[in-house]
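Trainee: Show me the folded form of this:
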Amino acid sequence: MEITTTDGKKFMSCPVNLVSTKAQKQSVKVYPNPAKKGETLTVEIENYTDGGDYTIKIFSLNGSLVKQLPAVSKTTQITLHSGIYSGTLINGGEKTGFKLIVE
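Mentor: This next block holds a predicted model:
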């Protein structure tokens, strides 16, 4: 494409396609929550994309790592002892926190 400035100079331009690179924020659903002792919890990653580098880490209330689940899929099953836990979904540099309760 040829562009002419107000002073008569001419320039050649290439077409530009603008694409948004803003990624959707990841979020997590946990169900059932609270869960009964011995019941399996499901952690579902919303906005899941194939090829993502997802890891789930589960921590006790005192901050100790209870479980680490590398290479998780869109839905992951977890069984925990009674207690209150915090979880972190990690994908690349992005972290999303969530809570789990087992009665």
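Trainee: secondary structure element for the residue nearest to Lys74 when sequence neighbours are not counted?
Mentor: With Cβ to Cβ, 6 or more residues apart in numbering as the criterion, Lys74 has its nearest non-adjacent residue at 4.2 Å, and that residue is Tyr48. C-beta: built from backbone N, CA, C; applies to glycine. Using DSSP states H and E, Tyr48 sits in no helix or strand.
Trainee: Now do the same contact list for Tyr48.
Mentor: 26, 54, 73-74 (Cβ atoms under 8 Å, 6 or more residues apart in numbering).
Trainee: mind listing what Asp53 touches?
Mentor: 71, 91-92 are the contacts of Asp53 under Cβ under 8 Å, 6+ apart.
Trainee: Distance of the most centrally placed residue in the chain relative to Gly83?
Mentor: For the chain, the residue nearest the mean C-alpha position is Gln26 (3.6 Å; Cα atoms, centre = their mean). For Gln26, the distance to Gly83 equals 25 Å [Cβ to Cβ, to the nearest Å].
Trainee: Which pLDDT does the model give the residue nearest to Lys10 when sequence neighbours are not counted?
Mentor: Excluding its sequence neighbours, the residue lying closest to Lys10 (Cβ to Cβ, 6+ apart) is Thr4, at 5.2 Å. At Thr4, the model reports a pLDDT of 78.
Trainee: go on, the one 10 residues further on?
Mentor: Model confidence at Cys14, expressed as pLDDT, equals 66.
Trainee: Flag the shaky bits of this structure, pLDDT-wise.
Mentor: 1, 12-24 (pLDDT under 70).
Trainee: try it again with 80
Mentor: Along the chain, segments meeting pLDDT under 80 span 1-5, 11-26.
Trainee: quick one: Ile101 and Pro34 touch, right?
Mentor: Yes - contact between Ile101 and Pro34 holds when scored by Cβ atoms under 8 Å: they sit 3.8 Å apart.
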